[in-house]
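Peer 1: When you get a sec, could you give me coordinates for this:
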Amino acid sequence: MTTSGPIEESESLMLARQFLGRTVDLTIDRPYGSRHPSFGFLYLANYGYVPGTLAPDGEELDAYYLGPPEPMTSAHGTCIGIIHRLDDDDDKLIVVPGDSATLDDNAVAAAVEFQEIAGNYVVIRT
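Peer 2: Sure thing, here's the model as predicted:
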């Protein structure tokens, strides 16, 4: 679900908004096909962070890289949206390869459903 209506501006969302529409370099620490170290689920997208940022959880700002289905250690792309979680202050960037077509909300939801629960987040766009 995309929203353009009023959303509570959490600390994480304020940090994430500055990356919308921008080119972003990511470090991928949970590559496609790897397992979550605590919960064991399979990553069906490359998942990482923006180096040099600090999110409210004390870690770097997280990001999904929705590019090729192959393990990566770093990525470079355009931030097309934010997964704004409604139940915690831990938003995630949605980053795609620079030459990639913009994904619609259904495609984003399908790509992140391995970790995100439908109804517990909204997609925020530029």
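
Peer 1: where do the helices sit along this protein?
Peer 2: With helices called from DSSP state H, the chain shows them at 11-17, 105-112.

Peer 1: any chance of those in a markdown table, plus distance to Pro31?
Peer 2: C-beta here means a position set from N, CA and C on the backbone, and glycine is covered the same way. Rendered in a markdown table, the data for those read as follows (distance: least, C-beta to C-beta, whole Å):
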| stretch | distance to Pro31 |
| --- | --- |
| helix 11-17 | 22 |
| helix 105-112 | 15 |
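
Peer 1: pLDDT averaged over the longest strand seen in the chain - what is it?
Peer 2: Longest strand in the chain by number of residues, with DSSP state E as the criterion: strand 74-85. Across strand 74-85, pLDDT averages out at 96.

Peer 1: partners of it, with directions?
Peer 2: Strand 74-85 has the following strand partners under DSSP bridges: strand 23-30 (antiparallel), strand 92-97 (antiparallel), strand 121-124 (antiparallel).

Peer 1: so where's this protein uncertain?
Peer 2: 1-7, 99, 101 (pLDDT under 70).
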